[in-house]
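Provide a 3D model corresponding to the input given below.
(one chain, ligands or ions: 1)
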Amino acid sequence: MSKFFSDLAKGLKPYVPGEQPKDKKYIKLNTNENPYPPSPRVIKAIRDAANSDLRLYPDPECDDLRQTVAECYGLDKKQVFVGNGSDEVLAFCFGAFFAGKKILFPDITYSFYPVYANLYGVAYEAVPLNENFEIIKEDYYKKNGGIVIPNPNAPTSRYLDIEKIEDIIKSNKDSVVIVDEAYIDFGGESCISLINKYPNLLVIHTLSKSRSLAGLRIGFAFGSEELMDGLNRVKNSFNSYTIDRIALAGASEALKDSTYFEETRKRIIETRDKTMEALKALNFEIIDSKANFIFISHKAFEAQILFQKLRERGILVRYFNKPRINNFLRVTIGTDIEMETFIKVLNNILVE
Ligand SMILES: *Cc1c(COP(=O)(O)O)cnc(C)c1O
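Numbers count the residues shown, from 1 in each chain. Below is the predicted model:
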């Protein structure tokens, strides 16, 4: 460790993102990106923004975008916060609500949560999912300084009914309950409808998955004005201009083009269901998915070996060498053609 590092930097345990390979062209099913390009209206809005006022700072309050988002979800602008990707929103949440406390989140979940906990000095208990990778709501009925629940969960793809989420929120009125809905548009029901009822609920969304804008970096938090104030305190102690003019323009247009959104997400759901059928025929075990990815395992073939063989054949999926999930592959849903190729290549590997 470098002598130049601060004690803070020495103590960090950084997140390891999925591979963005540069050596050759892969079918990329490893980072849950959308296989379809963003709406053409988004591209036009971005071009127009690039031709206008980049000389000037962007609006630090993101007023226009927040207004658009609020209308889209039936909220007030004061209940909306915008961040540079939902990862940034999550980081601000840990700073605003959890620093110095002890929080709960599932043992198998998005691996950025423990990273932020470490960065902000947040203690945590990793609450085990049951043997079917389900979140058991009663496990969250105990003393805590905050809760993070991803719904659907990643990398399991499993969805928890909104009634059960509501029970968790209701039973924890003195803690902030974050529901990370990065994948909610692929078949689940959002908790946004509960925001006016529970001041301790904070819902997080991203444009990276269902709106095909992972490269633009836009995420949202929705919640009571009180919680949004907490996020703004942290943000404005860090960087007042986290969202640039190009991203503001593109994000607003993405939310306005609901036709394109509905069409592409429907296509992904259909491809997912077809892919699951084909994999069942190859004797894969598949967790029931409400996300744009699936979590699969095979009794006769080790996941790590399948991962390597797929990679050699030009297909990237995600493998996690972690307890309980080290015989699973997480596979992002691509286009129909990509998934047909995936099934064909996988079949060849199995019969080799
Ligand atoms: C992808 C993902 C995010 C981060 O999304 P960005 O908006 O691209 O930062 C957050 N939470 C979960 C569970 C995710 O899978």
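
spell out which parts of this protein neighbour the ligand.
Residues of the chain found near the ligand (Cβ under 6 Å from any ligand atom) are 32, 85-87, 110, 150, 154, 180, 182, 206, 208, 214, 219. Just so you know, the C-beta spots here come from the backbone N, C-alpha and C atoms, and that holds for glycine as well.

go through those residues and flag which are in strands.
150, 180, 206, 219 (DSSP state E).

most neighbours out of the residues you listed, which is it?
Most neighbours among those, by other Cβ atoms under 10 Å: D180, with 28 neighbours.

F307 versus that residue, what's the distance?
25 Å (Cβ to Cβ, to the nearest Å).

can you check Y26 too?
Distance, Y26 to F307, using Cβ to Cβ: 13 Å.

neighbour count winner among these two?
The neighbour count for Y26 versus F307, taken as other Cβ under 10 Å, is higher for F307 (20 against 16).

once you drop chain neighbours, what's closest to the residue of the stretch 51-200 of the chain found nearest the ligand?
Closest approach between the stretch 51-200 of the chain and the ligand, counting by Cβ to the nearest ligand atom: G85, at 3.0 Å. In space, and not counting its chain neighbours, G85 is closest to R217: 4.3 Å by Cβ to Cβ, 6 or more residues apart in numbering.

state the pLDDT value of E352.
You'll see E352 listed with a pLDDT of 86.

in this protein, where is pLDDT below threshold?
By pLDDT under 70, the chain has no low-scoring segment.

have a look at it and report its longest helix.
In the chain, taking DSSP state H as the definition, the longest helix is helix 258-281.

residues in contact with the helix or strand that it is followed by?
Scanning forward in sequence from helix 258-281 by DSSP states H and E, the next helix or strand is strand 284-286. Identification of contacts with strand 284-286 by Cβ atoms under 8 Å, 6 or more residues apart in numbering yields 276, 279-280, 294-299.

reformat the residues you listed as JSON lines; add neighbour count and distance to N236.
Below are those laid out as JSON lines (neighbours: other Cβ atoms under 10 Å; distance: Cβ to Cβ, whole Å):
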{"residue": "M276", "neighbour count": "18", "distance to N236": "45"}
{"residue": "L279", "neighbour count": "21", "distance to N236": "47"}
{"residue": "K280", "neighbour count": "12", "distance to N236": "51"}
{"residue": "I294", "neighbour count": "26", "distance to N236": "40"}
{"residue": "F295", "neighbour count": "25", "distance to N236": "39"}
{"residue": "I296", "neighbour count": "25", "distance to N236": "44"}
{"residue": "S297", "neighbour count": "17", "distance to N236": "45"}
{"residue": "H298", "neighbour count": "18", "distance to N236": "50"}
{"residue": "K299", "neighbour count": "8", "distance to N236": "53"}
